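J.: give the three-dimensional model of this entry:
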Amino acid sequence: MGSMQRRLGPNKVGYLGTLQAFADALKLIVKETIIPAHANSVLFFLGPIITLIFALLGWAVIPFGPGLAISDYNLGLLYSIAISSLGVYGLLIAGWAANSKYAFVGSLRSAAQLVSYELVLSSAMLIVLFITGFKATAVVFLFIWVRASFPRIRYDQLLQVCWMVLLPLVFAIIILVPCIIYSFDLLPFNLI
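T.: Numbers count the residues shown, from 1 in each chain. Next up, the predicted model:
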């Protein structure tokens, strides 16, 4: 992934940039925490932690292999969708706790982007539901490759594509696939 970055750092950290993720995590951990003067410091600190906790809890039902899931719920898909939607509240809490209109508008923008453009968990769910075997690394790599290859689009364009194009397409697929399966069951002979 180091060759996809436009910066020089990822090409130099480890073999072909393989240690860049760890360097970025270390940088975020040791970075100085700046809390605005009029902010609610408790909520300002808890907001990102809430988002991180719910992002990690979503992985509990993802099977990493036969019998290799942290939790085996009967309704794992619904659990995953519910948990991933709760992470948005951490962003909103952090933006509101800053006691600044600009921070709050920024958190609203980030929350809308998170809902529209979720990657960490949707790739794994895509693999589990539609592609046999766990190949989430390849799908995540494909997402990152496409994202790094094309220029960033504006925020309004991103929301328009996600809500006006992709969402109706998903609903059409949700309706089309059961109809196709039902029509095969009505045929006098079995094609499979």
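
J.: can I get the host helix or strand of Asp156 in PDB? Just the C-alpha atoms.
T.: Using DSSP states H and E, Asp156 sits within helix 155-160. Output of helix 155-160 as PDB, limited to C-alpha atoms (Å, rounded to 0.1, in the frame of the first residue of the first chain):
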ATOM      1  CA  TYR A 155     -18.600  16.300  -0.200                       C
ATOM      2  CA  ASP A 156     -21.900  17.100  -2.000                       C
ATOM      3  CA  GLN A 157     -20.900  14.900  -4.900                       C
ATOM      4  CA  LEU A 158     -20.100  12.000  -2.600                       C
ATOM      5  CA  LEU A 159     -23.500  12.300  -0.800                       C
ATOM      6  CA  GLN A 160     -25.300  12.600  -4.100                       C
END
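
J.: from here on, call the first residue 533.
T.: Happy to do that; since the first residue is 533 now, the last one works out to helix 687-692.

J.: now do the longest helix seen in the chain: which elements does it pack against?
T.: Ordering each helix of the chain by length in residues (DSSP state H) puts helix 608-629 first. When contacts are defined as 3 or more CB pairs under 8 Å, 6 or more residues apart in numbering; DSSP states H and E, helix 608-629 sits against helix 573-589, helix 633-648, helix 654-662. Backbone N, C-alpha and C define where each C-beta goes, glycine included.

J.: so which of these gets nearest Leu610?
T.: Leu610 sits nearest to helix 654-662 of all those, at 11.5 Å, using CB to CB.

J.: so after that closest one, what's the next helix or strand?
T.: Immediately after helix 654-662, counting by DSSP H and E, sits helix 668-681.

J.: and that following helix, how far out from the chain middle?
T.: 12 Å (CA atoms, centre = their mean, to the nearest Å).

J.: per-domain residue ranges of this protein.
T.: Here the chain is described, according to automatic domain parsing, as comprising the domains 564-682, 685-724.

J.: want to throw those into TSV with mean pLDDT, distance to Gly549 and mean neighbour count?
T.: Shown next, in TSV, are the domains of the chain (pLDDT from 0 to 100; distance: least, CB to CB, whole Å; neighbours: other CB atoms under 10 Å):
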stretch	mean pLDDT	distance to Gly549	mean neighbour count
domain 564-682	80	12	15
domain 685-724	80	25	10
